[in-house]
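Engineer: coords below, sequence missing:
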């Protein structure tokens, strides 16, 4: 177990290093004139040069990379070129908002998708077909179109939910939940749709295994076989599906945050990209990769907890 | 070979268009989008970027069929030109993904070793990245062009094509015809070109269609976020423009939203249609139509009821009469007759062997007694009686609640393959005690004690330790003993063993047979052994039923059948046994 976690940590460091290095060289090697963008059209060439010097843009890329890496290793991701706010600070204030969005959506999706998949796998028939059609629709329609539909229905026509805005949970928990309801719903549709059909196949796959037949022959009730045995064996596949869905949700939340004016990582990512605020772009990349690694590790540990065969390989 | 490839691809597509209406509609819609986009300059009434501030936010009219946006630009023209961006996005992403994914997948799958390790690591990395972060980084580095964003996306999704190609190639790599091609001196390039590409073609077409659909959604998302050039008309840009005015006019979002959704959906539906056509799912039609078919064939019952039942004595514990089982094909008509008018009976304490080669219907017969036939199987006629009551018959259709209560108490089952018949997620102890608690009404403590005793009885050396073990921690022979212990735990009247020794080592086989014999004597239960091995029959059975292609070839006392078989088929089975293997204990006396 301990060696497993150490191995996991090592591979996480390697992955983080590889991705941040690739990203660094990708975005810093381009020739866009950031100093000019920051200062605006009215600035003189001299001012631009001075700004470029201040930001270290006149140094060779290798030395800039080295200084970024050495300070990033200590947790210092630099400061934004535009707001002069420390990158780590703005990420840490925004991360909880994105996570509350994505984690809630994942949990709800897991519950809904499992329930749908179970019913479809056991009953088959029209319900199964309906699920398959819905999963195609949910998978194919981008979440921002679902969001537009939700906003025009619930925020504009029915006026049940606010269209935009964010209220911190510490300020007013009820308002907080209300402000997150539509964004989570918008993310949920696609996630439930695509994971339910995959879970359905996983469940049907387990239902056809030999041990399920033997359990039936032992006289165990179908309900117990389905909930204890089939679900547990299908959980390994389900966790893989859900951890991939989590990554997809991180992507989806970028658009959703922008639409609902939620101050999460996503809107930070969009703003910094359009402006060319490279330290923030790097910071977003590093934090997202860390979140993904943590989630994948949790999924693997859960799989090991549920399945002794996986556990023995740790 | 190459000609037949393209012909095959054409046939697949034709099949979809003929049989799958949704798939055909999706394909038609995509053709429409392609034509409209290419012909955009001819079809558009206005320049898509033509601003007319005197005509903003107009509804549909003769001049502007779909109205105008907040800058007075013609919606229809923008929609038509926007299709070009969409198609560029789809084509770029698919091409990039194919160019990277397929060759690397072929390399990794065909040659394995380090190419495989590197490929798998890289594809895992790509798949674990949130696409949007990479897309944003690409945008920050190279600017806001469709080509760039979709090239980046193509690189990301190439991981899915890599995986698909790799797995498919790995599956065919060890096929005999690949070996044959190697032996006959074909070069690797030619083998890949001739044999491997044929196999991966269909899954790749399906996956490419999916990628196209997703790419369009992603590109629309980037346009929507304003991360692309606002001067290029695109559906996502239109949608974003409409969204900004959503409180003024909700209809602005309608057309771009429809265009994006329908196009992505069409690609996904086309992919699904192709998959369905290639997989030819038969089970979809089964359950809905099977009931009707039964009534049309149940006429058969009358001719099967009376005969061949003469040899059964009145004290039989199990009586199978005229059992006929069939499976429906895709259209729902019962075409696969797996068991045809089988009748036999088992007396209390008697051991009966059901012998036959694979496909003879012996396992189907056994499963029908256990109520374990797959959903699709239909009992066409006949009945199964156990201990005086009907387990199921053609009249009642499926097993009743009362008869289900017999399974696991009075009727038990020892399966063929020991390892796959234990749930890998639960300890041996749990799997042994749970049925005793659940259906036998024992307390947990009693069940545990009783199970430890049983494990000892079936010859497991360290029962307490074994109770705590998981199935993957014990050997196949031990697993079979555990399964036998589980089967005899409720002290059943009838034990049905399906090839109980086939999957075991030769040395263990004899021990397991001895065990079954001993347990049968202890519990005075009846035993039905399904096997292809006459050695097992000679060793254990008093009577034999020889089955061939679903019907009984002959049946009778073991000695009689071994010494003077009436059926040529039985003779054949006996001959093959004597030629290949030294017979088990009783055979030498007979031969």
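Structural biologist: Okay, I see it. Just so it is clear, the structure is predicted and the values come from calculations on it, not from any experiment. Numbers count the residues shown, from 1 in each chain, chains lettered A, B, ... in the order given.

Engineer: all helices for chain A, in order.
Structural biologist: Assigned by DSSP state H, the helices in chain A fall at A:2-28, A:34-39, A:45-55, A:61-73, A:87-123, A:125-140, A:143-150, A:173-207, A:210-217, A:222-224, A:231-259, A:265-275, A:278-306, A:308-313.

Engineer: with the stretch 201-350 of chain B instead?
Structural biologist: B:235-244, B:254-279, B:283-297, B:300-305 (DSSP state H, counting those that start in this stretch).

Engineer: what pLDDT, on average, does the third one get?
Structural biologist: Read it as helix B:283-297. Mean pLDDT, helix B:283-297: 35.

Engineer: give me the neighbour count for the closest residue to chain A within the stretch 351-500 of chain B.
Structural biologist: Taking CB to the nearest CB as the measure, the stretch 351-500 of chain B has residue B:408 as its residue closest to chain A, at 2.2 Å. No exception for glycine: its C-beta is placed from N, CA and C like everyone else's. Per other CB atoms under 10 Å in any protein chain shown, the neighbour tally for residue B:408 reads 27.

Engineer: how about the residues of the stretch 151-300 of chain B by chain A?
Structural biologist: Contact residues (CB under 8 Å from any CB of the partner chain) of the stretch 151-300 of chain B with chain A: B:213, B:217, B:220-221, B:224-227, B:239, B:243, B:246-247, B:250, B:253, B:257, B:260-261, B:264-265, B:267-269, B:272, B:287-288.

Engineer: give me the buried subset of these.
Structural biologist: B:213, B:217, B:220-221, B:224-227, B:239, B:243, B:246, B:250, B:253, B:257, B:260-261, B:264-265, B:267-269, B:272 (16 or more other CB atoms under 10 Å in any protein chain shown).

Engineer: residue B:481: which of the helices of chain A is closest?
Structural biologist: helix A:210-217 (14.4 Å; CB to CB).

Engineer: for the closest one, give the mean pLDDT please.
Structural biologist: 92.

Engineer: ok, residue 121 - how many residues close by?
Structural biologist: Picked chain A for this. Using other CB under 10 Å: residue A:121 sits among 22 other residues.

Engineer: actually, chain B is the one I wanted.
Structural biologist: Neighbour tally, residue B:121, other CB under 10 Å: 14.

Engineer: distance of it from residue A:254?
Structural biologist: For residue B:121, the distance to residue A:254 (CB to CB, to the nearest Å) stands at 26 Å.

Engineer: swap in residue A:266?
Structural biologist: 3 Å.

Engineer: kindly report the same for residue A:295.
Structural biologist: Distance from residue A:295 to residue A:254, by CB to CB: 17 Å.

Engineer: could you do residue B:64 as well?
Structural biologist: Residue B:64 is 33 Å from residue A:254, by CB to CB.

Engineer: neighbour count: those two, which is higher?
Structural biologist: Neighbour count, other CB under 10 Å: between residue B:64 and residue A:254, residue A:254 has more, with 31 against 21.

Engineer: I'd like the distance between that one and chain B.
Structural biologist: Going from residue A:254 to chain B by CB to the nearest CB, to the nearest Å gives 5 Å.

Engineer: picking that back up, lowest-confidence stretch among the helices of chain A?
Structural biologist: Across those, helix A:34-39 gives the lowest mean pLDDT, at a mean of 73.

Engineer: please name every helix or strand in contact with that one.
Structural biologist: Packed against helix A:34-39, as judged by 3 or more CB pairs under 8 Å, 6 or more residues apart in numbering or on different chains; DSSP states H and E, are the following elements: helix A:45-55.

Engineer: the helix it packs on: how far from the chain's middle?
Structural biologist: 37 Å (CA atoms, centre = their mean, to the nearest Å).

Engineer: what helices or strands is it leaning on?
Structural biologist: Right, helix A:45-55 is packed against helix A:34-39 by 3+ CB pairs under 8 Å, 6+ apart.

Engineer: which residues touch the helix it packs on?
Structural biologist: Outside of helix A:34-39, the residues within contact range by CB atoms under 8 Å, 6 or more residues apart in numbering or on different chains are A:43, A:47-49, A:51-52, A:55, A:57, A:81-82, A:275-276, A:278.

Engineer: now do the contacts for residue A:309.
Structural biologist: Taking CB under 8 Å, 6+ apart, we find residue A:309 in contact with B:424, B:425, B:470, B:472.
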